[in-house]
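Trainee: Here's my sequence, what's the structure:
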Amino acid sequence: MSSGSKPTRRCHWVPQAYLKAFAADNRKPPRIWRLSNQESDAELKRIDRVAVKNHLYVVRGKEGQRDDTQEKRFADLEQFFSSKPWKALQTGFVDLSDQSIRKMVALLAATMYVRNPAHFELSTRIHQSFVDTFSGPWGLPDAVIIGGKRVALDHSSWPEHANASEDDLKRNWFDMMNSCGDIAKMFLGMRWAMVASDEPVFITSDHPITFLHPDLRFRGIENPETSVIFPISPTRVLCMDHRHEEPANEYYAAQHDGAAINMLVWREALEFMFSPRDPHEVCRQILELEEGIAVGEGEKLANRLDTA
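Mentor: Modelled structure (predicted):
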């Protein structure tokens, strides 16, 4: 934090610069439709008042002063959302094989994934579980087996690890954010395709990077059955997968008013849907699609029974 400046209080984990594309009006600041998966009432909210948490990317220094260096790093990165290449990606038919485009998008996607507070909450739970396990009567093991070899453990740093404060855990989280280039490389190694719509039908959420797997569980980015959805704008959604036998960097027309993709994005939201149009209309289209799928599956089953 620079001397004399006030630390950032309101930290957005979904950048405002990203959400502007999904705004429902042109006010200053613009508003966006928000729907909670805990309530039925949708509301128009200013984008500066959604996906935000006080001091999320701020820690205290040794003398108690707040340090918002991490928030400032994000502010620098978020300038990409105002760049000409990103604007072209939102509405045009950009060449998805262009390495400069791919690297920009992969880095933004990786950062948006890791900076989500759900990621910090998960790492905090893992840390606490680890501490609870090895603070019991059995204590820490003296050694572990790695690659068939016995490796002795140094216990000297255990007290510091076990007694880590929230700020200590946040600093570890920040280190992960600042080294998310490995995640970006995984995205770069996937097959890319864009789903495009002439009308602004797509939504996003408070967890914009959506991982999909047939098991309905996260199995790792490099799992061959893992795919990723990243809403770019209300008319563009980037899809990444490992189906390298299929054409890459293609554009495909959206089907069913984007309901299939919106269903997946909404299902994986932490709590909130963000939309440029009334969320109830979005939900109606999702339900109609689900009902249509159910009817289709029922007809297939009936046909199989008739021919058995």
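Trainee: Check whether the closest residue to residue 31 other than its chain neighbours sits in a helix, strand or coil.
Mentor: Of all residues not flanking residue 31 in the chain, residue 44 sits nearest, at 4.5 Å (C-beta to C-beta, 6 or more residues apart in numbering). In short, each C-beta sits where N, CA and C put it, glycine included. Assigned with DSSP: H, G, I helix; E, B strand; the rest coil, residue 44 falls in the strand class.
Trainee: for residue 44, what are its contacts?
Mentor: The contact partners of residue 44, taken as C-beta atoms under 8 Å, 6 or more residues apart in numbering, are 24, 25, 31, 32, 33, 34.
Trainee: which pair in the residues you listed spans the largest distance?
Mentor: 25 and 34 (13.4 Å; C-beta to C-beta).
Trainee: These two: which is more packed in?
Mentor: residue 34 (23 against 10; other C-beta atoms under 10 Å).
Trainee: For residue 191, what are phi and psi?
Mentor: phi -80, psi 130 (degrees, to the nearest 10).
Trainee: An error on my part: the question was meant for residue 219.
Mentor: phi -110, psi 10.
Trainee: Roughly how far does it sit from residue 213?
Mentor: 5 Å (C-beta to C-beta, to the nearest Å).
Trainee: what's the overlap in contacts for those two?
Mentor: Taking C-beta under 8 Å, 6+ apart as the criterion, residue 219 and residue 213 both touch 225, 226.
Trainee: Could you list the low-pLDDT ranges of this protein?
Mentor: 1-5, 294-308 (pLDDT under 70).
Trainee: Quickly list what residue 204 is bridged to.
Mentor: Going by DSSP bridges, residue 204 is paired in beta bridges with residue 274.
Trainee: wait, what's in contact with it?
Mentor: Contact analysis of residue 204 by C-beta under 8 Å, 6+ apart lists 14, 18, 19, 22, 231, 265, 273, 274, 275.
Trainee: could you dump those to JSON lines with neighbour count and distance to residue 111?
Mentor: Putting the contacts of residue 204 into JSON lines (neighbours: other C-beta atoms under 10 Å; distance: C-beta to C-beta, whole Å) gives the following:
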{"residue": "14", "neighbour count": "22", "distance to residue 111": "11"}
{"residue": "18", "neighbour count": "23", "distance to residue 111": "11"}
{"residue": "19", "neighbour count": "20", "distance to residue 111": "15"}
{"residue": "22", "neighbour count": "23", "distance to residue 111": "18"}
{"residue": "231", "neighbour count": "25", "distance to residue 111": "16"}
{"residue": "265", "neighbour count": "25", "distance to residue 111": "19"}
{"residue": "273", "neighbour count": "22", "distance to residue 111": "22"}
{"residue": "274", "neighbour count": "27", "distance to residue 111": "18"}
{"residue": "275", "neighbour count": "29", "distance to residue 111": "23"}
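Trainee: which one of those residues is nearest residue 244?
Mentor: Nearest member of these to residue 244, counting by C-beta to C-beta, is residue 231, at 23.3 Å.
Trainee: so the closest one touches residue 202, yeah?
Mentor: Yes - at 5.3 Å, residue 231 counts as touching residue 202 under the criterion of C-beta atoms under 8 Å.
Trainee: Find the residues that touch each one of the two.
Mentor: 237, 261, 265.
Trainee: what's near enough to touch the last one?
Mentor: Under the criterion of C-beta under 8 Å, 6+ apart, the contact partners of residue 265 comprise 202, 203, 204, 205, 208, 210, 229, 231, 273.
Trainee: and the closest residue to the fourth one other than its chain neighbours, helix, strand or coil?
Mentor: Among residues not flanking residue 205 along the chain, residue 269 sits closest, at 3.6 Å (C-beta to C-beta, 6+ apart). Each residue gets one of three states, and residue 269 gets coil by three-state DSSP.
Trainee: can you give me the helices in this protein?
Mentor: 16-19, 69-77, 84-91, 99-114, 117-134, 158-162, 166-178, 181-188, 259-267, 279-307 (DSSP state H).
Trainee: for these, which one sits closest to residue 52?
Mentor: helix 16-19 (8.8 Å).
Trainee: Run the chain-centre distance for that closest one.
Mentor: 14 Å (C-alpha atoms, centre = their mean, to the nearest Å).
Trainee: Could you shift the numbering so residue one becomes 35, and keep it that way?
Mentor: Noted, 35 is the first residue going forward, which turns the last one into helix 50-53.
Trainee: hey, C-alpha coordinates of that helix in CSV?
Mentor: The C-alpha trace of helix 50-53 is given here as CSV (Å, rounded to 0.1, in the frame of the first residue of the first chain):
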residue,chain,number,x,y,z
GLN,A,50,-17.0,-4.8,-11.7
ALA,A,51,-15.2,-4.3,-15.0
TYR,A,52,-16.3,-7.9,-15.9
LEU,A,53,-19.9,-7.5,-14.7
